[in-house]
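*Asks:* sequence first, then the predicted structure:
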Amino acid sequence: MIQHRQSFITLILCTAVLLLSPFLLKKWNNPYNSVIMYDAAGYYIYLPAFFYDDLGKIDIAEDIIREYNPFGCDFYATNQQVNENHIIKYTSGVAILELPAFAAGHLAAKIWNYPTDGFSKPYQIAVNFWGIVFGIAGLWITRKNLLRYFSDTATAFTLLALSLATNLYLYISFGAVVTHTYLFTLYALLISLTIDFYKKPDVAKSIALGLTAGFITLVRPTDIICVLLIFCWNLSNISTFKNRIRFWAIHQKLFILFGISAFLIGSIQLIYWKIYCGNWIFWSYGAHEFFDFLHPHLINGLFSYKKGWLIYTPVMIFSLLGFYPLYRKFGHLFLVVFLFFIINTYIVFSWNEWWYGGSFSQRAMIQSYAVLAFPMTAFFSSVLTRKTWKYLTILLLAFFIWLNLTMTYQCYSKEGIMENYMMSKTYFWKIFGKTHISQKDKKYIELEEEIPQRYTEKMQTIYKDSFDQQRIDSCFSNDVFPDNGVLFINKDCQRTQEITVPISGHAGYYQAMIRVFAPEMEWDTWKQAQIILTLKQNGIVVKSNYYRIYRIIDTGKWEDISIELITPEQTAFNELSIQLWNADGNKTLYADNLNIRFAAKK
């Protein structure tokens, strides 16, 4: 008979979902590599560079970029050049953990006559599913850890929540090739080894702990804080702290073995830096990415609509609520888990780019789920004994699972519903719970204001321009379309002249409508043309709204677009201007028939 049946069956079902979900996308079949790409390619490049090329020169990069375009950016600009070597931006921990998958991919490529370059389809498939299996293993270890302290039922609820209601689902099934799932599993393993070590300390466990802590640090150096879990596990007061000191005094040899094992793994990166850039320590992220510990972005990181953790992964509220029952019933766990959560959260959101680039929710929090599983399970243990709270919690968990799966679908929808780099409150609620949206709604990714319907119906035109009259503007032409003057922006003419309209200064709602025509699409988000509507007082900017035009249009036809602006309270203004900017892009965009409307606030 299966012990702990509920959590076992729950995790079997979750494992099936996590293993089958990747087949919905089959990313490895993409004409351009979409498994090992962006950050994942940066972590992985150590392997093909070491085995097929020179780890310093990385001459294969040009061929890889031409064939697969895996980096999504300029490889040579992203990775600094020192002593004629290209120093890989990311540390080598993930690559070493991916070595079995790389070997399997190489063997498969040999057998089925694929290029043995590290990026052909066999490598993609092998690395993809190795990462998935590695992440799932973390859930099974987490189950083992939780069952040491909590009931089978509470453990089952936590496993269900972590697997399907958090961004761990996305990063196991569709993004397992970056650091987060590897770290999640390594943290789960570290906790398991720590528990076993204090029950029966020996050489093997000490070495295993050191190797695990070393790999965690090698994958992500700031996660050296994992040692807090080792040394503070089960501490609850001064007496237990003193006992822990005595424990390590007695087991000095084990402490030394732990340190040596951890250092041996961590030194791999130090040796790489020393060989290829001449320094034992090297900041490979350049001048524009850094930690700002004096100005952490805690509020934005937790609650912002741009990428707030509790906005996009609200099920983790259960973990935060669980700290209280964890303190009351498992005081020996509370201190270390709470300290780790506070320190880790502070470090994560001290990164200057606190939203962590293109991602879903706060991916940098995922590794902490192996730790936060404990207060979450304490929460479930507390509420499941109370009938009313039990059913309310079940309903909430079901809602959070639906929401997470829906948002994951939005991330990978062909419509590109969920923006992975920037979001706004307005756009969040525009797409909430939807599997299809109007393309025009995408302007609210940047444009955070929407005029209420009752005011749009009352708007009156205050300015019109069909651009039929000749004007002094290098971005004007009456030759492109017969009998019709147009504004345009392209590679050589980046900005139209501002069209400035005197206005009354009354509080209200402004809307600028214009027709645009794009012969071809600009796919680079950062080079997409923008429409900018600005409120001024005697030429001084009071407020400005914008969005990227290519988000909401198709090519080869004229389309009507609009941009809105709500006047600020108790602020003077007397001008409204509109302008088109090509954002250093080289695509051409034409514009015609400008119509500016206004409705006063009542």
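*Replies:* Yep, that arrived. Numbering: from 1, shown residues only.
*Asks:* and stretch 510-528, end to end?
*Replies:* 24 Å (CA to CA, to the nearest Å).
*Asks:* tell me where the protein has strands.
*Replies:* Per DSSP state E, the chain carries strands over the ranges 81-82, 85-86, 460-465, 476-481, 484-489, 499-502, 508-517, 530-537, 540-548, 558-566, 575-581, 589-600.
*Asks:* adding distance to Gly93, write these out as a markdown table.
*Replies:* (Each C-beta comes from the backbone N, C-alpha and C, glycine too.) Formatted as a markdown table, the strands of the chain follow (distance: least, CB to CB, whole Å):
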| stretch | distance to Gly93 |
| --- | --- |
| strand 81-82 | 21 |
| strand 85-86 | 19 |
| strand 460-465 | 58 |
| strand 476-481 | 55 |
| strand 484-489 | 45 |
| strand 499-502 | 54 |
| strand 508-517 | 47 |
| strand 530-537 | 39 |
| strand 540-548 | 36 |
| strand 558-566 | 46 |
| strand 575-581 | 42 |
| strand 589-600 | 44 |
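*Asks:* now tabulate those in a markdown table and tack on mean neighbour count, mean pLDDT and distance to Arg386.
*Replies:* What follows is these, written out as a markdown table (neighbours: other CB atoms under 10 Å; pLDDT from 0 to 100; distance: least, CB to CB, whole Å):
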| stretch | mean neighbour count | mean pLDDT | distance to Arg386 |
| --- | --- | --- | --- |
| strand 81-82 | 14 | 86 | 61 |
| strand 85-86 | 20 | 90 | 59 |
| strand 460-465 | 13 | 94 | 59 |
| strand 476-481 | 14 | 82 | 70 |
| strand 484-489 | 21 | 89 | 62 |
| strand 499-502 | 16 | 94 | 62 |
| strand 508-517 | 20 | 96 | 49 |
| strand 530-537 | 19 | 97 | 53 |
| strand 540-548 | 16 | 96 | 48 |
| strand 558-566 | 18 | 96 | 46 |
| strand 575-581 | 21 | 96 | 58 |
| strand 589-600 | 20 | 95 | 52 |
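*Asks:* of all those strands, which lies closest to Leu19?
*Replies:* Leu19 lies closest to strand 85-86 among the strands of the chain, at 36.2 Å (CB to CB).
*Asks:* burial measure for Lys43, as a count.
*Replies:* Careful, residue 43 is Tyr and not Lys. 25 (other CB atoms under 10 Å).
*Asks:* any idea how far Leu139 is from it?
*Replies:* 22 Å (CB to CB, to the nearest Å).
*Asks:* quick revisit: so for Phe23, which of the strands of the chain sits nearest?
*Replies:* The nearest among these, by CB to CB, is strand 540-548 at 33.0 Å.
*Asks:* ends of stretch 67-87, what's the gap?
*Replies:* 22 Å.
*Asks:* starting at the chain centroid, how far to it?
*Replies:* A distance of 21 Å separates the centroid of the chain from that of stretch 67-87, by CA atoms, centre = their mean, to the nearest Å.
*Asks:* neighbouring contacts of that stretch?
*Replies:* With contacts defined as CB atoms under 8 Å, 6 or more residues apart in numbering, stretch 67-87 is touched by 32-33, 36-38, 41-42, 56-58, 61, 64-65, 88-89, 115, 117, 119, 273, 276-278, 282, 284, 286.
*Asks:* which members of those residues occur in helices, if any?
*Replies:* 41-42, 61, 64-65, 273, 276-277 (DSSP state H).
*Asks:* can you say which of those are buried?
*Replies:* Buried members of the ones in helices among the contacts of stretch 67-87, counted by 16 or more other CB atoms under 10 Å: 41-42, 61, 64-65, 273, 276-277.
*Asks:* which of the residues you listed lies closest to Gly433?
*Replies:* The closest of these, once distances to Gly433 are taken by CB to CB, is Ala41, at 33.3 Å.
*Asks:* so which of the strands of the chain gets nearest Leu397?
*Replies:* Ranking the strands of the chain by proximity to Leu397 (CB to CB) places strand 540-548 first, at 36.1 Å.
*Asks:* between strand 530-537 and the closest one, find me the angle.
*Replies:* Following axes from the mean of the first three to the mean of the last three CA atoms, to 10 degrees, one obtains 160 degrees for the angle between strand 540-548 and strand 530-537.
*Asks:* can I get strand 540-548 in CSV? Just the C-alpha atoms.
*Replies:* Provided in CSV are the C-alpha atoms of strand 540-548 (Å, rounded to 0.1, in the frame of the first residue of the first chain):
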residue,chain,number,x,y,z
ILE,A,540,7.4,73.1,-20.8
VAL,A,541,6.3,69.5,-20.6
VAL,A,542,3.5,68.9,-18.0
LYS,A,543,2.6,65.3,-19.0
SER,A,544,3.3,62.9,-21.9
ASN,A,545,1.7,59.7,-23.1
TYR,A,546,3.0,57.3,-25.8
TYR,A,547,2.8,53.8,-27.2
ARG,A,548,4.4,51.7,-29.9
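*Asks:* start to end distance for stretch 225-238?
*Replies:* Note: stretch 225-238 ends 21 Å apart using CA to CA.
*Asks:* and it, what's its mean pLDDT?
*Replies:* For stretch 225-238, mean pLDDT is 95.
*Asks:* next, the buried residues of it.
*Replies:* For stretch 225-238, a neighbour-count test (16+ other CB under 10 Å) marks 226-227, 229-236 as buried.
*Asks:* can you list the neighbours in contact with that stretch?
*Replies:* The contact list for stretch 225-238, computed with CB under 8 Å, 6+ apart, reads 187, 190-191, 194-195, 198, 209, 213, 216-217, 240-241, 244, 248, 258, 331-336, 339-340, 343-344, 347, 371.
*Asks:* any of those buried? List them.
*Replies:* Applying 16+ other CB under 10 Å to the contacts of stretch 225-238 flags 187, 190-191, 194, 209, 213, 216-217, 244, 258, 333-336, 340, 344, 347, 371 as buried.
*Asks:* tell me which entries of these lie within helices.
*Replies:* 187, 190-191, 194, 209, 213, 216-217, 244, 258, 333-336, 340, 344, 347, 371.
*Asks:* if Thr500 is in a bridge, with which residues?
*Replies:* Ser577 (DSSP bridges).
*Asks:* for Leu576, see how far away it is.
*Replies:* According to CB to CB, Thr500 and Leu576 sit 7 Å apart.
*Asks:* got it, and Trp140?
*Replies:* 61 Å.
*Asks:* do Met418 as well
*Replies:* When Met418 is compared with Leu576 (using CB to CB), they lie 33 Å apart.
*Asks:* tell me, how many residues neighbour Trp526?
*Replies:* If you count neighbours by other CB under 10 Å, Trp526 ends up with 10.
*Asks:* oh sorry, the question was meant for Lys557
*Replies:* Using other CB under 10 Å, Lys557 has 9 neighbouring residues.
*Asks:* pull the most distant pair out of the ones in helices among the contacts of stretch 67-87.
*Replies:* Longest span within the ones in helices among the contacts of stretch 67-87, CB to CB: Ile65 and Trp273, 24.2 Å.
*Asks:* helices of the stretch 151-300 of the chain, start to end?
*Replies:* 152-164, 168-173, 179-199, 203-219, 227-232, 238-250, 252-277, 298-303 (DSSP state H, counting those that start in this stretch).
*Asks:* restricting to C-alpha, output the fifth one in PDB.
*Replies:* This points to helix 227-232. The C-alpha coordinates for helix 227-232 follow below in PDB (Å, rounded to 0.1, in the frame of the first residue of the first chain):
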ATOM      1  CA  VAL A 227      24.400  28.400   3.700                       C
ATOM      2  CA  LEU A 228      22.000  30.200   6.100                       C
ATOM      3  CA  LEU A 229      19.600  27.200   5.700                       C
ATOM      4  CA  ILE A 230      22.400  24.800   6.600                       C
ATOM      5  CA  PHE A 231      23.700  26.500   9.700                       C
ATOM      6  CA  CYS A 232      20.400  27.800  11.000                       C
END
